[in-house]
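*Asks:* this is a predicted model, with the sequence first.
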Amino acid sequence: MTGRPELLEIDGDVLRRSLDREPFRIRHRLSGHPLFAVERLLRLCRDLPEECVEYNAGDVAVGQDAALTPRTGLSAEETVRRIAEQQSWMVLKYVERDPEYRALLHACLDEVRRHSEAVAPGMDRREGFVFLSSPGSVTPFHMDPELNFLLQVAGKKRMRLFDNADRGIVSEAELDRFHADHPHRNLPFREEFDARARVHDLAPGDGVHVPVTTPHWVEVGDEVSVSFSITFRSDVSERRAGVHAWNAALRRRGWRPRAVGASPRLDDAKYLAWRARRRLVGMLRRG
C-alpha cells in the first residue's frame with residue numbers, strides 16, 4: 001500500500017456479485033480534481049486528435065437518429081467555453097492519450113481490478129472518456145461495448161438504465177450486428193421502454209457501473225455536468241463479443257444461430273472460429 005487515499009469507494013462483495021450483470025452504485029473522490037477544470041479541459045480538447053472530440057446540440061430527442069443529430073455552429077473550444085450557456089453536449093474520447101489523464105484512469109481502474117479479477121479476469125483496453133453537458137441536455141438512448149464506471153464529477157444527471165438481457169428492448173440480432181459491424185451507438189426508442197428503466201440520480205461524488213451493452217439514456221440537471229467514464233474489456237466480455245460477431249456472420253449467410261449463452265460448448269467453437277478468422281484477416285492485410 002502507498003498510503004495514498006483511495007479514489008473510489010467500492011463494496012467488493014457487490015462488485016463481485018454484480019459486475020457486468022447489473023448496475024450498482026459506487027462513490028469517488030474526483031470532484032474538484034484539477035484535470036476537470038475548464039481551462040485544463042480546453043487544453044485537452046486542443047491536444048486530442050479531431051476524431052477524439054465529438055460534440056453536438058444537447059436539446060435532442062431520446063431516440064435521436066444519429067444521422068440527423070443537430071450541430072450548434074460552435075467550434076470544439078467554443079463549446080467547452082460556452083457549455084453553461086449553449087445547449088451543447090460533448091465527449092472527449094480516449095483521454096488516456098494525455099499522460100495526466102492516463103495516470104488518473106489507471107489509478108482508478110487499478111482499484112477496480114483488485115475486486116474484478118476474481119470474476120472478470122484479464123482487464124484490458126483501458127479507455128477514458130470525459131463528458132461535458134449543458135444544463136437540461138440529453139444523451140440519447142444508446143449502448144456501449146465496454147464495462148463502464150461512470151463517475152459524476154460536477155453537476156447532476158439522471159440516468160435511466162435498462163436490463164441488458166431484455167430482448168424486447170435490444171434483440172439478439174441487434175446485439176450480433178452491434179459487435180460485428182460497430183454501428184453508431186444510438187438505438188431506436190419507444191416511450192413504453194421507460195416503464196422498465198432503473199433510474200439513477202447522480203450528484204458529484206456518485207458513480208454507477210454500466211454493464212456491457214446496457215441500454216441507457218441521460219438527462220442533465222440545472223447545472224453544467226462533467227462526468228468521467230473509466231472503461232475496460234475483460235476476457236469474458238471479449239469472448240462474448242466474438243461469439244456475437246460470429247453469429248452476425250452466420251445471419252448474413254441466412255442462418256439462424258443459437259443465442260449467445262444458450263450453448264456454452266457451441267459458443268466455445270464459435271469463439272475459436274472467430275479468433276481464427278480474425279487472425280487470418282490480419283495476416284492478409286499485413287501481407
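*Replies:* That came through fine.

*Asks:* give me the neighbour count for Ala262.
*Replies:* Neighbour count for Ala262, taken as other Cβ atoms under 10 Å: 10. (Each C-beta comes from the backbone N, C-alpha and C, glycine too.)

*Asks:* how near is it to Asp163?
*Replies:* From Ala262 over to Asp163 the distance is 18 Å, taken as Cβ to Cβ, to the nearest Å.

*Asks:* I'd assumed Glu119 was in a strand, is it?
*Replies:* Not quite, residue 119 is Val, not Glu. No: going by DSSP: H, G, I helix; E, B strand; the rest coil, the assignment for Val119 is coil, not a strand.

*Asks:* what's the pLDDT at it?
*Replies:* Turning to Val119, the model gives it a pLDDT of 96.

*Asks:* got phi/psi on it?
*Replies:* phi -120, psi -20 (degrees, to the nearest 10).

*Asks:* enumerate every residue touching it.
*Replies:* Taking Cβ atoms under 8 Å, 6 or more residues apart in numbering as the contact definition, Val119 lies against Leu15, Arg16, Leu19.

*Asks:* just the buried residues of those.
*Replies:* Buried members of these, counted by 16 or more other Cβ atoms under 10 Å: Leu15, Leu19.

*Asks:* secondary structure added to the contacts of Val119, as a markdown table?
*Replies:* Output for the contacts of Val119, formatted as a markdown table (three-state DSSP):
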| residue | secondary structure |
| --- | --- |
| Leu15 | helix |
| Arg16 | helix |
| Leu19 | coil |
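
*Asks:* name the nearest of the contacts of Val119 relative to Glu127.
*Replies:* Leu19 (17.2 Å; Cβ to Cβ).

*Asks:* what about the nearest residue to Leu42 once chain neighbours are set aside, neighbour count?
*Replies:* Closest residue in space to Leu42, ignoring its immediate chain neighbours: Val80 at 5.2 Å, by Cβ to Cβ, 6 or more residues apart in numbering. For Val80, the number of neighbouring residues by other Cβ under 10 Å comes to 23.

*Asks:* helices and strands around the helix or strand where Val80 lies, which ones?
*Replies:* Using DSSP states H and E, Val80 sits in helix 76-81. Here helix 76-81 touches helix 38-47, strand 53-57, strand 88-93, going by 3 or more Cβ pairs under 8 Å, 6 or more residues apart in numbering; DSSP states H and E.

*Asks:* contacts for the longest one next, please.
*Replies:* Right, the one you point to is helix 38-47. With contact meaning Cβ under 8 Å, 6+ apart, helix 38-47 is reached by 34, 53, 76-77, 80-81, 92, 95, 97-98, 101, 130, 132, 226.
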